[in-house]
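Trainee: kindly return the folded structure for what I paste below:
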Amino acid sequence: MIEKIHIKERSMRFFMLFIFNLFWCLLSLGAFVFNKHFSVDDYWIYYDPKGASLTDVQQNMRMFSGSLYYLLDRWGVNIVEQQIFFGVILLITFAWVTTRISMEIADAVNIQENVGKIILADGGTLILFLNAAVSEYLYYSGVYVQWIIGIIGLTYGAICISREKRVVINWLVGTAALIIMAGSYQTFLAQYAYVVMALIFIRNAGKANRKTIMANVRAIAAAAVAMGVNMIGIKMLAYCGIIGEDSRMSLDLMKIPELVGDIIRSQKSIWFEGMGIYPKGILALLAVFFLGILLVVLCKRKAKIEEWIYLIIVLVSGSCVMYAAQIMQGFIRVTNRGMYAIFGIYAVSIWVICYYLRDADWKVIKRVNICVISIFLVYSSIQVNRIAIDVFMTNTLSRCYVEEINRRIINYENQNSIQVMKVGFCSDAFISYRYNRFIETTAYGDMCANPFLADWSSVSALNYYTGRALELVSVPDYIVEYYAEFNWDEADWDKQLVFDSDAVYICVF
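Mentor: Numbering: from 1, shown residues only. Sure, this is the predicted structure:
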């Protein structure tokens, strides 16, 4: 009877925490999820879902998600057209996994009955998933399915593999979850590393003994198996001729020192410039704050040297995984989604603070931490929504741009009794990556890009907003050279369009 009451209380606590996290997810993700929008990739995926699915397998080495996209296309489901449906599932998934991880942390810390500590632990998990860098994931609506599979895989992979009971069964289940995750979005292995190593650390009281070492070996082995199975599957598909061998992986051992140097230099953009989505220096200041409190708590608890060393390894584990993936692809390009993993440093710090704190120390530190976390989450939500508005603005400007072009195409067709069937794009001397006169986004990376800059989105965007089926062709050299002498910062339709028989050439400024 007592056990049933305990289970009922746990279920109610889980449900209430889930509702709380769902509220935060709605604040952070709702604008993106409930408003149809297009990234540069989405225009292409909309028209060529089969090609996108094969590219996802071949170039991105994501066997599971690519295969699923292929099946969805065969079943008549256009993932870009149905983005709101998949976005709602993604939103619920974020709330679910955040709650699931937070409750697992609560179990490991043994704070199931301490609501204040559960909220603090949950704050760490929310920072891990709902920081402003998530905006770049939400920008690409055509890959929501990947994010859904990826975060579910990393969550249950970490939870199962970190468990100390029925080790073999849990390891097999966890590894299966990681195989699916690795075949959908490999870099979520960084978040997996943070969660699984933090759980192992807490459950073993920070002791670097044989039991802990073996638990970490199992966690690493599961990730290695997941990546290995995915790579073998890709090789088999290439061997059978189903896909080509044009992958993004381009590991050159001689370039590793140079790549490590690039990683070191990129830290300024992250910690001191906030990648354009956080105020300058705020991420470094927050790291000092959380790590400072962790340092004080460790000193107060008189932590042993092995605990210090072990904790440092846990704190850098996810970032090491993230950068290892970039080294394997042969170049370092830190985007907002590329910095997503570094928020695990905050999350691990908060979780471990929950573990080491005693009730006597609790009241002031709890209030200060929850206050700082709340301010950070509110600001992050505001930033995500601001970026969402700029994405919608970008789509609106693109549509207006195309509608004017289409009006002029119609006039040309009516005057010359000819149907325009082809289109080519070139640029002036200094092309603008975004519509800088109209949007405020300063985020580094790919968000709010002008769709007419990329070959795979230019003709797709034009066709989407006009309903035409224009063929993309190369622009004659003499036109390219002519436009290279100009530098526009606004539309000049009489000069930026050239008609030639059944083709129109557009200069993108």
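
Trainee: okay, CA-based contacts and neighbour counts for the rest of this
Mentor: Will do.

Trainee: quick one: list the elements packing against the one helix or strand residue 372 maps to.
Mentor: Element membership for residue 372, per DSSP states H and E: helix 359-416. With contacts defined as 3 or more Cα pairs under 8 Å, 6 or more residues apart in numbering; DSSP states H and E, helix 359-416 has these neighbours: helix 2-33, helix 115-130, helix 135-139, helix 455-466.

Trainee: would you list these in CSV and tack on mean neighbour count and distance to residue 182?
Mentor: Formatted as CSV, these follow (neighbours: other Cα atoms under 10 Å; distance: least, Cα to Cα, whole Å):
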stretch, mean neighbour count, distance to residue 182
helix 2-33, 17, 24
helix 115-130, 24, 18
helix 135-139, 24, 17
helix 455-466, 20, 26
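
Trainee: may I see the ones you listed organised as TSV, with distance to residue 154 and mean pLDDT added?
Mentor: Listed next are those as TSV, based on distance: least, Cα to Cα, whole Å; pLDDT from 0 to 100:
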stretch	distance to residue 154	mean pLDDT
helix 2-33	18	85
helix 115-130	12	92
helix 135-139	16	93
helix 455-466	31	93
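
Trainee: chain center to stretch 480-494, what's the gap?
Mentor: With Cα atoms, centre = their mean, to the nearest Å as the basis, stretch 480-494 stands 36 Å off its chain's centre.

Trainee: that one spans what distance, first to last residue?
Mentor: Stretch 480-494 has an end-to-end distance of 16 Å (Cα to Cα, to the nearest Å).

Trainee: any buried residues in it, and which?
Mentor: Within stretch 480-494, the residues scored as buried using 16 or more other Cα atoms under 10 Å are 480, 483, 488.

Trainee: the first one: which element?
Mentor: Right, the one you point to is residue 480. Taking DSSP H and E as the criterion, residue 480 maps to helix 477-483.

Trainee: next one: that helix to chain centre, how far?
Mentor: Helix 477-483 has its average C-alpha position 39 Å from the chain's average C-alpha position, going by Cα atoms, centre = their mean.

Trainee: list the contacts of that helix.
Mentor: By Cα atoms under 8 Å, 6 or more residues apart in numbering, the residues outside helix 477-483 that reach it are 426, 427, 428, 429, 507.

Trainee: closest one to residue 383 out of those, please.
Mentor: Nearest to residue 383 among these, counting by Cα to Cα, is residue 427 at 31.3 Å.

Trainee: so what's the residue count around the closest one?
Mentor: Residues lying near residue 427 (other Cα atoms under 10 Å) number 23.

Trainee: what about the helices in the stretch 51-200 of the chain?
Mentor: Counting by DSSP state H, counting those that start in this stretch, the stretch 51-200 of the chain has helices at residues 63-74, 83-109, 115-130, 135-139, 144-162, 167-182, 189-203.

Trainee: can I get the ones you listed in JSON lines including distance to residue 441?
Mentor: Shown next, in JSON lines, are those (distance: least, Cα to Cα, whole Å):
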{"stretch": "helix 63-74", "distance to residue 441": "30"}
{"stretch": "helix 83-109", "distance to residue 441": "22"}
{"stretch": "helix 115-130", "distance to residue 441": "18"}
{"stretch": "helix 135-139", "distance to residue 441": "12"}
{"stretch": "helix 144-162", "distance to residue 441": "22"}
{"stretch": "helix 167-182", "distance to residue 441": "31"}
{"stretch": "helix 189-203", "distance to residue 441": "26"}
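
Trainee: still on that earlier bit, and of the helices and strands packed on helix 359-416, who's closest to residue 235?
Mentor: Closest to residue 235 of the helices and strands packed on helix 359-416, according to Cα to Cα: helix 455-466, at 26.0 Å.

Trainee: got the angle for that closest one vs helix 359-416?
Mentor: Counting by axes from the mean of the first three to the mean of the last three Cα atoms, to 10 degrees, helix 455-466 points 70 degrees away from the direction of helix 359-416.

Trainee: what helices or strands is helix 455-466 leaning on?
Mentor: The contact analysis (3+ Cα pairs under 8 Å, 6+ apart) places helix 455-466 against helix 40-47, helix 359-416.

Trainee: next helix or strand past the helix holding residue 372?
Mentor: As assigned by DSSP H and E, the chain's next helix or strand after helix 359-416 is strand 422-427.

Trainee: now do that following strand: distance to the chain's middle.
Mentor: The gap between where strand 422-427 is centred and where its chain is centred comes out at 32 Å by Cα atoms, centre = their mean.

Trainee: over to stretch 137-151?
Mentor: How far stretch 137-151 lies from its chain's middle: 8 Å, per Cα atoms, centre = their mean.

Trainee: alpha carbons only: can I get that stretch in PDB?
Mentor: The C-alpha trace of stretch 137-151 is given here as PDB (Å, rounded to 0.1, in the frame of the first residue of the first chain):
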ATOM      1  CA  TYR A 137      17.500  23.800 -35.000                       C
ATOM      2  CA  LEU A 138      14.000  25.200 -35.100                       C
ATOM      3  CA  TYR A 139      14.900  27.300 -38.200                       C
ATOM      4  CA  TYR A 140      15.300  24.100 -40.300                       C
ATOM      5  CA  SER A 141      11.700  22.800 -40.200                       C
ATOM      6  CA  GLY A 142      12.500  20.100 -42.700                       C
ATOM      7  CA  VAL A 143      14.600  18.200 -40.100                       C
ATOM      8  CA  TYR A 144      12.300  18.300 -37.100                       C
ATOM      9  CA  VAL A 145      12.000  14.500 -37.300                       C
ATOM     10  CA  GLN A 146      15.800  14.200 -36.800                       C
ATOM     11  CA  TRP A 147      15.700  16.300 -33.600                       C
ATOM     12  CA  ILE A 148      12.700  14.300 -32.200                       C
ATOM     13  CA  ILE A 149      14.600  11.000 -32.800                       C
ATOM     14  CA  GLY A 150      17.900  12.400 -31.600                       C
ATOM     15  CA  ILE A 151      16.900  13.900 -28.300                       C
END
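
Trainee: dump the buried residues of stretch 480-494 to TSV, plus distance to residue 439 and pLDDT.
Mentor: Compiled in TSV, the buried residues of stretch 480-494 are given as follows (distance: Cα to Cα, whole Å; pLDDT from 0 to 100):
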residue	distance to residue 439	pLDDT
480	28	92
483	26	90
488	18	87
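
Trainee: hmm, who's touching stretch 323-340?
Mentor: By Cα under 8 Å, 6+ apart, the list of residues contacting stretch 323-340 from outside reads 131, 133-137, 187, 248-252, 255-256, 259-260, 262-263, 266, 270, 275, 322, 443-446.

Trainee: got the buried residues for that stretch?
Mentor: Neighbour counts over stretch 323-340 (16+ other Cα under 10 Å) mark 323, 325-328, 330-332, 334-340 as buried.

Trainee: where does pLDDT dip in the stretch 401-509 of the chain?
Mentor: The stretch 401-509 of the chain contains no residues with pLDDT under 70.

Trainee: try 80 this time
Mentor: Counting by pLDDT under 80, the stretch 401-509 of the chain contains low-confidence ranges at 445.

Trainee: same check on the stretch 201-350 of the chain?
Mentor: Ranges of the stretch 201-350 of the chain meeting pLDDT under 80: 237-255, 325-326, 328-334, 338.

Trainee: again, only this time at 50
Mentor: The stretch 201-350 of the chain contains no residues with pLDDT under 50.
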